[in-house]
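> When you get a sec, could you give me coordinates for this:
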Amino acid sequence: MVWFDPGENLYKNTYKRKVAEGRGWFEAMPFAYAALARHVYHCLKFQEPYQLEKAFGRAQPLPAQALAEEFQTDLEKKFEVMDAYNSPKE
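This is a model prediction of the structure:
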């Protein structure tokens, strides 16, 4: 959720804030874990379902297939730029 989620979320924001304070990634990550643990604890204590909208403040994430296609398209564009740059000039 911190590294692979393409959008912004509560856990990623917590991690970024702690890194901006000067902590290393290994010191900042437990704060993101703690935020997730508090959210899960609240869900279990009050018997509420885990809601992505409530946790992340946005709608459902893209399905994995859509993310894979988006990544492939982006990668192909980068390769086109690299090929154009590396092609022999006449």
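> Show me where this protein dips below the pLDDT cut-off.
1, 52-63, 89-90 (pLDDT under 70).
> Check the burial of the residue nearest to Pro6 when sequence neighbours are not counted by counting its neighbours.
Using Cβ to Cβ, 6 or more residues apart in numbering and skipping the chain neighbours, the partner closest in space to Pro6 is Leu67 (7.1 Å). C-beta: built from backbone N, CA, C; applies to glycine. Using other Cβ atoms under 10 Å, Leu67 has 14 neighbouring residues.
> now swap in Asn9 and tell me
With other Cβ under 10 Å as criterion, Asn9 counts 19.
> For it, give me phi and psi.
Backbone torsions for Asn9, taken as degrees, to the nearest 10, come to phi -150, psi 170.
> Kindly spell out which helices and strands sit in contact with the longest helix anywhere in the chain.
Counting residues, the longest helix in the chain under DSSP state H turns out to be helix 64-86. Here helix 64-86 touches no other helix or strand, going by 3 or more Cβ pairs under 8 Å, 6 or more residues apart in numbering; DSSP states H and E.
> to the chain's geometric centre, what's the distance from it?
With Cα atoms, centre = their mean, to the nearest Å as the basis, helix 64-86 stands 19 Å off its chain's centre.
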